[in-house]
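K.L.:
How does the following fold in three dimensions:
(one chain, ligands or ions: 2)
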Amino acid sequence: MDNYIKKIKQNSIIPLACYDTYDVKKGLRDVNGKGVLAGLTNISAIHSFDEAGDPMPGILEYRAINIKDISKHLKAENRFGFEEVTYLLLFGELPTKSELAEFKQALVAKRQLPDEFVRDIIMKATSSDIMNSMSRSILSLAAFDDKVNDVTLENVLDQSLSLIANFPLLAIYAYQAYNHIENRESLYIHYPDESLTTAENILRLLRPDKQFTDTEAKVLDLALILHMEHGGGNNSTFTTHVVTSSGTDTYASVVASLSSLKGSKHGGANIKVAKMLDDIKAHVKDPQDETEIFDYLCKILNKQAFDNKGLIYGMGHAIYSVSDPRAEVLKSYVKELAAEKGLQDAYAFYKKIERLAPLAIAQERNIYKGVSANVDFYSGFVYQMLGLPEELYTPLFAIARIVGWSAHRMEEMLNMNKIIRPAYESVLTTKTYIEIEDREQ
Ligand SMILES: CC(=O)SCCNC(=O)CCNC(=O)[C@H](O)C(C)(C)COP(=O)(O)OP(=O)(O)OC[C@H]1O[C@@H](n2cnc3c(N)ncnc32)[C@H](O)[C@@H]1OP(=O)(O)O
Ligand SMILES: O=C([O-])CC(=O)C(=O)O
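P.N.:
Ligands and ions are numbered 1, 2, ... in the order given. Below you'll find the model as predicted:
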């Protein structure tokens, strides 16, 4: 094996200078985070640099409406918003009261898995990796769909609504099955309640006694809204565009995006944040000692601690620099929730890491645009305070982001109709084939 690895490295690593020579942008972005322009969208907008090109606090708009406005209004009116924002993202405008009521009914009608799906699919080959279990379930659902390969807009919308409605069931039942079979806990498979919202149903399906408070459900609803959409260029949504452009079916497209999202540099960062915070607490003798914490963060960056990957999870962003607006909104809720749950010390520790980590990263890395907490930094803490298991942190992201993927899939179908196929330049010079007897032994 070592020999193979040596050969792979010898023959696959391209000198860094070549990227400059051919003007290839690593990660398809320049050092300031500006991405190579790959498409146009009406679904959302992200602003992180001002007109002069200087970093500014991040702004995120869903169909041109600032997410801070959306969350402010929902809070002021003490309403759930997941279904309403799903409507906004999919159809491009805010629903009237009657349109919203009709849409909620449509989702409720679709929130149903095929008979025996839980017993025959979800209960088999359980895993702590709920994202992979969900992928298996989605591809199994494809087998139940007579129109799986019909890529008309009508059918893709129908399939997307079914998946949006059923993602909570796929995630939570997969967790319950895993928890029963691998952790030897009791098995709870509750049916969703048609009168409840998506956020309420998630808590109902998860809790043995099906009970939750209104505050808990509203905080979860907000967290879902903040995770629903982030432009066409984020890794999982760009995946949606790429695979949709090949003409593949909705189930395959969603699984591809789900597989991207679970990566620890993307949606999978939220579970890593929770584990990293536990690791820091376990290794720092005095949680008040900022020098000790800073030194430990530097150890993480130097691959000498935690998962030895050199990353401080929940920090930094491909395009935001000064701030990620979603992290700011979540943080305001975290503060309230932590006070309610008596977890002010844990909150204070998060805030300390949030302040010290950018300093450590700036010391140990070349930073051009600045780093700050991203949406994944506080989301895990919110879920922890809601008593949600770590295994579900990234699936919760997926339950929300499938809405953005669906909107982008339809946008790609309607506008592009061209297979995505960028260029890769070969840096090799042509060689001649050598007969096997003539090769060096
Ligand atoms: C929903 C989301 O997907 S939000 C992002 C969730 N991901 C994380 O929280 C994982 C931790 N963060 C990261 O890995 C990065 O910040 C990313 C992947 C999100 C963005 O990375 P980049 O686009 O490379 O960011 P940027 O250009 O600002 O980075 C500059 C340098 O700082 C490093 N850096 C940035 N953030 C971090 C971090 N949190 N920890 C360690 N190093 C970091 C980059 O690796 C890069 O180093 P390099 O020049 O040696 O390649
Ligand atoms: O935009 C990105 O690169 C990652 C991100 O924050 C998201 O997908 O929500």
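K.L.:
Just the buried positions in the longest strand that the chain contains, please.
P.N.:
Assignment by DSSP state E gives strand 55-62 as the longest strand of the chain. Buried residues in strand 55-62, counted by 16 or more other C-beta atoms under 10 Å: 55-56, 58, 60-62. Quick note: C-beta positions are derived from backbone N, CA and C, even for glycine.
K.L.:
Dump these into CSV; add distance to T244 as well.
P.N.:
Formatted as CSV, these follow (distance: C-beta to C-beta, whole Å):
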residue, distance to T244
P55, 32
M56, 32
G58, 27
L60, 23
E61, 23
Y62, 20
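K.L.:
Output those in a markdown table, with distance to P287 and pLDDT appended to each entry.
P.N.:
Converted to a markdown table, the buried residues of strand 55-62 look like this (distance: C-beta to C-beta, whole Å; pLDDT from 0 to 100):
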| residue | distance to P287 | pLDDT |
| --- | --- | --- |
| P55 | 31 | 91 |
| M56 | 33 | 95 |
| G58 | 29 | 97 |
| L60 | 33 | 98 |
| E61 | 38 | 98 |
| Y62 | 38 | 98 |
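K.L.:
Residue of the chain closest to ligand 1, please.
P.N.:
Ligand 1 sits closest to G316 of the chain, with a gap of 2.3 Å, by C-beta to the nearest ligand atom.
K.L.:
follow-up on the earlier one: is there any residue in the longest strand of the chain that contacts ligand 2?
P.N.:
No. Applying C-beta under 6 Å from any ligand atom, one finds strand 55-62 separated from ligand 2 by no less than 8.8 Å.
K.L.:
and that strand, what other elements does it pack with?
P.N.:
Using 3 or more C-beta pairs under 8 Å, 6 or more residues apart in numbering; DSSP states H and E as the contact test, the elements touching strand 55-62 are strand 44-49, helix 67-76, helix 82-91, helix 325-341.
K.L.:
Please identify the most buried of those.
P.N.:
Of the helices and strands packed on strand 55-62, the one with the most neighbours on average (mean count of other C-beta atoms under 10 Å) is helix 82-91, at a mean of 22.
K.L.:
And the average pLDDT for the helix or strand following it is what?
P.N.:
Moving toward the C-terminus from helix 82-91, the next helix or strand (DSSP states H and E) is helix 97-110. The average pLDDT within helix 97-110 is 98.
K.L.:
who touches helix 97-110?
P.N.:
The list of residues contacting helix 97-110 from outside it, by C-beta atoms under 8 Å, 6 or more residues apart in numbering, reads 83-84, 86-87, 95, 161-162, 164-166, 194, 197-198.
K.L.:
quick revisit: turn the buried residues of strand 55-62 into CSV, including distance to ligand 1.
P.N.:
Listed next are the buried residues of strand 55-62 as CSV, based on distance: C-beta to the nearest ligand atom, whole Å:
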residue, distance to ligand 1
P55, 10
M56, 15
G58, 11
L60, 12
E61, 17
Y62, 15
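K.L.:
How far off centre is the lowest-mean-pLDDT helix or strand in the chain?
P.N.:
Counting by mean pLDDT, DSSP states H and E, the chain has its least confident helix or strand at helix 325-341, which shows a mean of 92. With C-alpha atoms, centre = their mean, to the nearest Å as the basis, helix 325-341 stands 19 Å off its chain's centre.
K.L.:
quick check: angle from it to strand 44-49?
P.N.:
100 degrees (axes from the mean of the first three to the mean of the last three C-alpha atoms, to 10 degrees).
K.L.:
How about helix 325-341 and ligand 1, touching?
P.N.:
No. Interface with ligand 1: helix 325-341 contributes nothing (C-beta under 6 Å from any ligand atom), its closest point being 8.5 Å away.
K.L.:
Could I get the CA-only coordinates of that helix as CSV?
P.N.:
C-alpha atoms of helix 325-341 as CSV (Å, rounded to 0.1, in the frame of the first residue of the first chain):
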residue,chain,number,x,y,z
PRO,A,325,-25.3,37.1,9.3
ARG,A,326,-26.8,33.7,10.1
ALA,A,327,-24.3,33.2,12.9
GLU,A,328,-25.3,36.6,14.3
VAL,A,329,-29.0,35.8,14.3
LEU,A,330,-28.4,32.4,15.9
LYS,A,331,-26.1,33.9,18.5
SER,A,332,-28.9,36.2,19.7
TYR,A,333,-31.1,33.2,20.2
VAL,A,334,-28.3,31.2,21.8
LYS,A,335,-27.9,33.9,24.4
GLU,A,336,-31.6,33.8,25.4
LEU,A,337,-31.8,30.0,25.3
ALA,A,338,-28.6,29.6,27.4
ALA,A,339,-30.0,31.9,30.0
GLU,A,340,-33.3,30.0,30.0
LYS,A,341,-31.5,26.6,30.4
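K.L.:
related to what we said a few turns ago, sheet-wise, list the partners of the longest strand of the chain with their directions.
P.N.:
Partners of strand 55-62 in the sheet, by DSSP bridges, are strand 44-49 (antiparallel), strand 65-66 (antiparallel).
K.L.:
which residues are in contact with that strand?
P.N.:
Outside strand 55-62, the residues that touch it by C-beta under 8 Å, 6+ apart are 43-50, 66-67, 70, 85, 88-89, 228-230, 317, 320-326, 369-370.
K.L.:
Now do the contacts for Y313.
P.N.:
Contact analysis of Y313 by C-beta under 8 Å, 6+ apart lists 264, 269, 272-273, 276, 376-377.
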